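Student: what follows is a protein structure lacking sequence information:
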C-alpha cells in the first residue's frame, strides 16, 4: 500500500488541466502575467490576477485545516495581496513582489488542494516542505509589514523614508525569489522521487509531456579527449556500477586532492560504452561548484533527476564542506537520492572523507594519487606533439599531478620547455596557470580552494601546521608527534592533522604525515607558518645535532632529512641570527657520515656562505675539514685530499691560533694518504701532526696521531712499530675517555695481531673495538669489527661463527652504505662456504662480491672475487668455466701490477690447465 506522502508527491504533479494548446498550465502561470509595453493593459491583467488569487485563497483557506502551515500562509498572502490597492507611492516598485506572491499563492493552493483531496495530515508532508513552509511564513510576515509601511507613508514623510523603504522592498523581493525557487525545486524533487520509486504508477498517472517540459537536464559532458593513467580506477568504477545494478545501484565517491583528475575520471565513466549503452540519455552531470547550500544543491538536482539514471555530482565538497548544520542537510538530501533503487550516484569531491548517511558501495575506490611518468608523458605528447629532456624535468618536478602536467604542457605550446624549466626554478607553482583564476586553469588557485575550505578555516592552526609540514622534506614521523607537541605548545596537533587529511592536503606516506610536493612548494612560497612556530622549529633542529649522540641517535635517524632541510633554509635566509648554526651543520654532517649519507649539498652551501660573508677563518677551516671527512667516507679520496689541503692552506695563512685545527687537518689528511697507499706521505703527515699536538699538550690529538702512525707502519709492514703506536694511542684515548678513538685503536691492534698470526689477541682486540663502536653507534666501525672477527673465526675453523659474523658485518655495511665493505663481506662468505663444502652458496656470494666490486670500481677486489668463482668451478669440475674465469682474473692483475693476487690466479690457472690435460689423456 502506498504512503500518503507518496500520493501527495504524485498528486502535486497534476496541478491544472492542460490548455487548448496542449501545454500544462499551473495557477502560477495563469496568475503570472508577463510584463508588457502596454502599461494600462498590464496593470489590468495584474489586477485581475490578484483578484483571482484572492478569490481562490478565500475559498480554499478552509480546506487545509489539518495542515497547520497552509492556513496561516494563506492568510498572510491574503493580507499582502489586499494591500496592493492601498499602495500609491511605491506601486511600481512593489509589482515584482506582487508577481512572486501570486506564484507562491498558486503553489500553496495546489498543495492545499492535494492535501484536502487525499486527506493528508501534517506528518504526511515530505520533510523538505516543512522547512519551506516555515521559511515562507517568516518571509511573508516580513513582507506584509513592509507593504503596510508603504501604504501608510504619504507626503513629505514619504520622501524622507523613500530610500529605506525601497531598500526593504528590494531585499524582500530577492528573498521571495529564493524561497520561490527552492519551493518549486522541492516539489519537483519529491515528484521525481515518487516517479523513480514507482515507475509504472507514475507512467499511468502522469503525462510524459509534463515531465519533459518541467526541466532541461544537465546531460553528461563529452568524453575527455586526453585520458591517461586512470585505467585501473575506471575499470574499478565500471565494475561497481554493473555488479548489482538491478538490485543495488552503485554509490561511488571519487576522492583526492585538487588537480588529480577527479572530474576527468567522472566524465570518462559517464561516457564509457557500457554506461552509455545502459543509461542512454539518462546520464547527468551536475557541477556543485556554485552550490554552497542544500537549497542551491536541491535546485540543481531538481533539474536533473529522471527515471533510471546515473547522476554525477561534481565538486560535491562545495555544498558539503560547510557548518555542521549545513553539512547535515546536504547529507540528508544526498541520502534521499541514494535511497532510490534506480539511481546510480557518482560523487567527486576534494579530500579523503565520504559524506555520512549514505551507504557507499564497497570495495571503496581509494583516493586518487598521481599518475606516474608514463601516463604524464602521454598527456604531454598528446597536447604538445613533442617531448624532450626539459619536458621530463617539468613533469617530474610537479610529481605527475595531472592538472599541473596538463597546464605546463599547454604553456609549452607557446614557450619552449627549456625556458619553462628556467622559470620553474624561480617561480615554481606560480608558473602553473593559464591566466584566469579557475580551479581547472590555475594550479595555485586549485590548491587555495582546498586551503580555504570550511574545515580548514574552522581550524586556523591546521593551516599553520600545513606550513610547518611543508618546511620538512620528510614530513612528520608518527613517533615524533609527542616531541612536536612540546615544540608547538599552543597547537592542538591531532585535530589539525585530521583536518589536513580530510582535505587531502597531507597523506600518510609510510609512517610519516607529508604534504604532496606541489602543495609543499606552494605553502613554502606563501609562508603559512607563524613566526613563533618557525622560530621554535629552527631552534629544535639546531639543538638536535648538538646533543649527545647516544641520547639522540634514534631521533636523528628519523629527522636527518628534515634537519638538513631546515638548516639549509636558515643558511639561505637569516644565518647571522643563529650563532650555533654552523656548529649544528658540522655536527649533522658528522652524523650523516655515520649512517652512510654522503650528500655534500649542505656543506658546500655552508662554505659558499662563509666565503661570501668573510666569516672567521677557524670556522671556515672546520667546515672544510668536515667536508674532507665526508668525502673520505664516501670513498672520494681525491676530493677529500683537496679539501684537507685547502683547509691546511687557510691554517698556514691565518694570523689566529689554529694549531689544534691544523693538527686535526693533518691527521685526517694522513688517512687519505693511507687509502691512496701513499704510506711514506702518511707517516710524514702524522709525525708533523704529532709535533703540533705535543707543543700544545693536546692529549686527544696525540692519541689520534699515534693511531695514524700505527696505520702507516702497518701498511709498511713495520708491525712492531705499528703495535707500539696503537698502544700509545690507547693510552692517550683512555685518558680522554674517547670511545670512538678507543674503538679505532682496538680495531688497529686486531688487524696488527691478525697479520702477526696472534689470533687470540686479535679476537680480543676486535671484541673490544666492537664494544666501543656499539657505545657510540658507529655503524661502519661495528661492521669492520665483525669483519675482523669473521676472519679470525675462519682461520680458527670456527666456521659457523665465521658465517654469522660475516652476515652481521654485511648487515652493518649495508646500513652504512659501504659498498667496499659489502664486497669484502661477500668474498669472506664465499671463502667460508667453500670451507663448509656449500659450493652453491659460495658461488652466489662470489658473484655478489664481483658485482659490488665492479660498482665500487675496485679492480683488485674484482680479481679476488674471480679467483673465488674459479675455485667454485673447479669444485664442480667445470674446468672450461674455471679456465675462463682465472684468465679474466689474471688479466685484471696484470693491468694493475704489483700484487700477489696475480700470482695466485696464475697458480690456479696452471692447476686447471693441468687437470684439463689429465682429463684429455684419460679420454684418449
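Tutor: Perfect, I can see it now. Keep in mind it's a predicted model, so treat the numbers as computed, not measured. Residues are numbered from 1 along each chain as shown.
Student: and residue 474, how far from residue 467?
Tutor: Residue 474 sits 16 Å away from residue 467, going by C-beta to C-beta, to the nearest Å. C-beta here means a position set from N, CA and C on the backbone, and glycine is covered the same way.
Student: what does residue 598 give?
Tutor: For residue 598, the distance to residue 467 - C-beta to C-beta - is 31 Å.
Student: of those two, which one has the most company?
Tutor: residue 467 (20 against 16; other C-beta atoms under 10 Å).
Student: pLDDT at that one, what is it?
Tutor: The confidence metric pLDDT takes the value 93 at residue 467.
Student: give me the nearest residue to it, chain neighbours excluded.
Tutor: Counting by C-beta to C-beta, 6 or more residues apart in numbering, residue 528 is the residue found nearest to residue 467 once chain neighbours are left out, at 3.0 Å.
Student: and the one you found, what does it touch?
Tutor: 463-464, 466-467, 470 (C-beta atoms under 8 Å, 6 or more residues apart in numbering).
Student: apply 10 Å and report the result again.
Tutor: 451, 462-471, 522, 534 (C-beta atoms under 10 Å, 6 or more residues apart in numbering).
Student: same question, residue 768
Tutor: Contacts for residue 768 (C-beta under 10 Å, 6+ apart) come out as 730, 742-743, 745-747, 749-750, 785.
Student: restricted to helices, list those.
Tutor: Those of the contacts of residue 768 mapping onto helices are 730, 742-743, 745-747, 749-750, 785, per DSSP state H.
Student: which among those residues gets closest to residue 565?
Tutor: Distance ranking of the ones in helices among the contacts of residue 768 against residue 565, using C-beta to C-beta, places residue 743 first at 31.1 Å.
Student: for the closest one, which non-adjacent residue is spatially closest?
Tutor: residue 772 (3.5 Å).
Student: so for the helix or strand in which that neighbour is found, what gets flagged as buried?
Tutor: Assigned by DSSP states H and E, residue 772 belongs to helix 759-775. For helix 759-775, a neighbour-count test (16 or more other C-beta atoms under 10 Å) marks 761-766, 768-770, 772-773 as buried.
Student: do the same with stretch 882-893
Tutor: Quick answer for stretch 882-893 (16+ other C-beta under 10 Å): 882-886, 888-890, 892-893.
Student: now do stretch 353-368
Tutor: Going by neighbour count (16+ other C-beta under 10 Å), the buried part of stretch 353-368 is 353-355, 358, 360-361, 365, 367-368.
Student: same check on stretch 321-333?
Tutor: By neighbour count with 16+ other C-beta under 10 Å, stretch 321-333 contains the buried residues 321-322, 326-327, 329-331, 333.
Student: and the next helix or strand past the helix or strand of the chain with the lowest mean pLDDT?
Tutor: Here the helix or strand of the chain ranked lowest by mean pLDDT, DSSP states H and E is helix 208-214, holding a mean of 31. On the C-terminal side of helix 208-214, the closest following helix or strand by DSSP H and E is helix 231-243.
Student: that older thread, for residue 515, see how far away the residue nearest to residue 467 is.
Tutor: 11 Å.
Student: quick check: neighbours shared by these two?
Tutor: Common neighbours of residue 528 and residue 515 are listed as 466-467, 469-470, 522 (criterion: C-beta under 10 Å, 6+ apart).
Student: between those residues, which sits nearest residue 878?
Tutor: Using C-beta to C-beta, the shared contacts of residue 528 and residue 515 come closest to residue 878 at residue 469, 58.0 Å.
Student: for that closest one, what are its contacts?
Tutor: Per C-beta under 10 Å, 6+ apart, neighbours of residue 469: 475-476, 484, 496-497, 500, 505-506, 512-515, 519-520, 523, 528-529, 562.
Student: give me the buried subset of the residues you listed.
Tutor: Here, 16+ other C-beta under 10 Å leaves 475-476, 484, 496-497, 500, 505-506, 512-515, 519-520, 523, 528-529, 562 buried among those.
Student: most widely separated two among the buried residues of stretch 353-368?
Tutor: 358 and 368 (19.6 Å).
Student: of the ones in helices among the contacts of residue 768, grab the buried ones for ChimeraX.
Tutor: Buried residues within those, by 16+ other C-beta under 10 Å, are selected in ChimeraX with:
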select :730,742,743,745,746,747,749,750,785
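Student: switch the ones in helices among the contacts of residue 768 over to TSV; also include pLDDT and distance to residue 455.
Tutor: Below are the ones in helices among the contacts of residue 768 laid out as TSV (pLDDT from 0 to 100; distance: C-beta to C-beta, whole Å):
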residue	pLDDT	distance to residue 455
730	96	63
742	95	57
743	95	54
745	95	60
746	96	59
747	96	57
749	96	64
750	96	62
785	96	54
